[in-house]
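K.L.:
how would this look folded up:
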Amino acid sequence: MTDFTFALRQLFKHPGYAAIAILTFDLGIGSTTANFSVVTLRKHVVLSALKLVAVGLAIGLPAALLVARALQYQLFEIGPSDPVTLLAITLIQALAAALAAGLPAGRAARVDPLVALRTE
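P.N.:
Next comes the predicted model:
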(Lines give C-alpha, C1' and ligand atoms only; values in the text may rest on other atoms or scores of the structure.)
Protein backbone atom coordinates (compact mmCIF):
# COMPACT_ATOMS: atom_id res chain seq x y z
CA MET A 1 0.00 0.00 0.00
CA THR A 2 2.86 2.40 0.69
CA ASP A 3 4.20 1.87 -2.84
CA PHE A 4 0.81 2.77 -4.27
CA THR A 5 0.53 5.97 -2.22
CA PHE A 6 4.11 6.90 -3.13
CA ALA A 7 3.30 6.37 -6.82
CA LEU A 8 0.21 8.56 -6.56
CA ARG A 9 2.14 11.31 -4.80
CA GLN A 10 4.84 11.22 -7.49
CA LEU A 11 2.20 11.28 -10.21
CA PHE A 12 0.64 14.44 -8.81
CA LYS A 13 3.98 16.11 -7.99
CA HIS A 14 5.68 15.36 -11.31
CA PRO A 15 3.05 14.34 -13.89
CA GLY A 16 5.39 14.67 -16.89
CA TYR A 17 8.06 12.44 -15.39
CA ALA A 18 5.48 9.90 -14.27
CA ALA A 19 3.90 9.82 -17.74
CA ILE A 20 7.30 9.21 -19.37
CA ALA A 21 8.08 6.43 -16.90
CA ILE A 22 4.71 4.77 -17.51
CA LEU A 23 5.03 5.08 -21.30
CA THR A 24 8.58 3.70 -21.22
CA PHE A 25 7.37 0.71 -19.25
CA ASP A 26 4.44 0.32 -21.66
CA LEU A 27 6.78 0.40 -24.67
CA GLY A 28 9.01 -2.19 -23.04
CA ILE A 29 6.09 -4.54 -22.49
CA GLY A 30 4.67 -3.87 -25.95
CA SER A 31 7.90 -4.47 -27.78
CA THR A 32 8.68 -7.56 -25.70
CA THR A 33 5.35 -9.12 -26.63
CA ALA A 34 5.85 -7.98 -30.26
CA ASN A 35 2.83 -5.69 -30.20
CA PHE A 36 4.93 -2.80 -31.45
CA SER A 37 7.52 -2.63 -34.15
CA VAL A 38 9.44 0.50 -35.14
CA VAL A 39 7.06 1.23 -38.01
CA THR A 40 3.87 0.49 -36.06
CA LEU A 41 4.94 2.55 -33.07
CA ARG A 42 6.01 5.55 -35.14
CA LYS A 43 2.79 5.40 -37.18
CA HIS A 44 0.65 5.22 -34.02
CA VAL A 45 2.43 8.13 -32.35
CA VAL A 46 2.43 10.34 -35.46
CA LEU A 47 -1.27 9.69 -36.09
CA SER A 48 -2.05 10.58 -32.47
CA ALA A 49 -0.13 13.82 -32.83
CA LEU A 50 -1.86 14.66 -36.12
CA LYS A 51 -5.25 14.10 -34.49
CA LEU A 52 -4.32 16.72 -31.90
CA VAL A 53 -3.18 19.06 -34.68
CA ALA A 54 -6.50 18.55 -36.48
CA VAL A 55 -8.43 19.49 -33.34
CA GLY A 56 -6.21 22.53 -32.84
CA LEU A 57 -6.67 23.63 -36.43
CA ALA A 58 -10.43 23.10 -36.26
CA ILE A 59 -10.52 25.51 -33.35
CA GLY A 60 -7.70 27.80 -34.48
CA LEU A 61 -8.60 28.49 -38.11
CA PRO A 62 -12.05 29.97 -37.41
CA ALA A 63 -10.58 31.95 -34.52
CA ALA A 64 -7.80 33.21 -36.80
CA LEU A 65 -10.33 34.30 -39.41
CA LEU A 66 -12.30 36.22 -36.77
CA VAL A 67 -9.22 37.92 -35.41
CA ALA A 68 -7.98 38.69 -38.94
CA ARG A 69 -11.29 40.41 -39.72
CA ALA A 70 -10.87 42.56 -36.65
CA LEU A 71 -7.26 43.42 -37.57
CA GLN A 72 -7.69 43.73 -41.34
CA TYR A 73 -6.62 47.38 -41.36
CA GLN A 74 -3.27 46.48 -39.80
CA LEU A 75 -2.44 43.76 -42.35
CA PHE A 76 -0.01 44.82 -45.07
CA GLU A 77 -0.42 43.51 -48.65
CA ILE A 78 -2.48 40.52 -47.57
CA GLY A 79 -6.18 39.92 -47.14
CA PRO A 80 -7.72 38.83 -43.86
CA SER A 81 -8.64 35.40 -45.26
CA ASP A 82 -5.82 34.69 -47.71
CA PRO A 83 -6.19 30.98 -48.61
CA VAL A 84 -2.53 30.51 -49.57
CA THR A 85 -1.34 31.80 -46.21
CA LEU A 86 -3.84 29.71 -44.26
CA LEU A 87 -2.91 26.57 -46.25
CA ALA A 88 0.80 27.19 -45.78
CA ILE A 89 0.43 27.66 -42.03
CA THR A 90 -1.71 24.51 -41.79
CA LEU A 91 0.86 22.43 -43.67
CA ILE A 92 3.78 23.82 -41.65
CA GLN A 93 2.02 22.99 -38.38
CA ALA A 94 1.18 19.47 -39.54
CA LEU A 95 4.77 18.87 -40.68
CA ALA A 96 6.19 20.22 -37.43
CA ALA A 97 3.87 18.00 -35.39
CA ALA A 98 4.73 14.93 -37.47
CA LEU A 99 8.46 15.55 -37.01
CA ALA A 100 8.11 16.40 -33.33
CA ALA A 101 6.24 13.14 -32.72
CA GLY A 102 7.94 10.87 -35.25
CA LEU A 103 11.58 11.42 -34.37
CA PRO A 104 11.26 10.62 -30.64
CA ALA A 105 8.92 7.72 -31.43
CA GLY A 106 11.52 6.17 -33.71
CA ARG A 107 14.15 6.62 -31.05
CA ALA A 108 11.88 5.10 -28.40
CA ALA A 109 11.14 2.13 -30.62
CA ARG A 110 14.84 1.33 -30.86
CA VAL A 111 15.20 1.06 -27.07
CA ASP A 112 15.97 -2.46 -25.93
CA PRO A 113 12.82 -3.89 -24.28
CA LEU A 114 14.75 -5.24 -21.30
CA VAL A 115 16.29 -1.83 -20.65
CA ALA A 116 12.83 -0.24 -20.79
CA LEU A 117 11.42 -2.79 -18.37
CA ARG A 118 14.29 -2.29 -15.89
CA THR A 119 13.83 1.49 -15.90
CA GLU A 120 12.16 2.82 -12.78
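K.L.:
where exactly do the helices run in the protein?
P.N.:
If you assign secondary structure with DSSP state H, the helices in the chain sit at 2-13, 15-32, 38-70, 83-109, 113-118.
K.L.:
can you give me the mean pLDDT across the second one?
P.N.:
Taken as a whole, helix 15-32 has an average pLDDT of 65.
K.L.:
for the third one, same thing?
P.N.:
When pLDDT is averaged over helix 38-70, the result is 82.
K.L.:
buried ones in it?
P.N.:
Of all the residues in helix 38-70, those buried under the rule 16 or more other C-beta atoms under 10 Å are 41-42, 45-46, 49, 53, 57, 64, 68. Every C-beta, even on glycine, is put in place using the N, C-alpha and C of the backbone.
K.L.:
distance between it and the chain's centre?
P.N.:
Using C-alpha atoms, centre = their mean, to the nearest Å, the mean C-alpha position of helix 38-70 is found 10 Å from that of the whole chain.
K.L.:
L99: how many residues sit nearby?
P.N.:
Counted with other C-beta atoms under 10 Å, the neighbours of L99 add up to 12.
K.L.:
how far away is it from F6?
P.N.:
Look at L99 and F6: by C-beta to C-beta, to the nearest Å, they are 37 Å apart.
K.L.:
What of L87?
P.N.:
Between L87 and F6 the distance is 50 Å, computed by C-beta to C-beta.
K.L.:
and what of V84?
P.N.:
Plainly put, V84 is 55 Å away from F6 if you go by C-beta to C-beta.
K.L.:
could the helices of the chain be laid out in CSV, adding distance to E77?
P.N.:
Written out in CSV, the entries for those read as follows (distance: least, C-beta to C-beta, whole Å):
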stretch, distance to E77
helix 2-13, 51
helix 15-32, 42
helix 38-70, 14
helix 83-109, 11
helix 113-118, 53
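K.L.:
for the spatially most central residue of the chain, what are its contacts?
P.N.:
Taking C-alpha atoms, centre = their mean, the centroid of the chain lies closest to A49, which sits 4.0 Å from it. Shown in contact with A49 (C-beta atoms under 8 Å, 6 or more residues apart in numbering): 97-98, 100-102.
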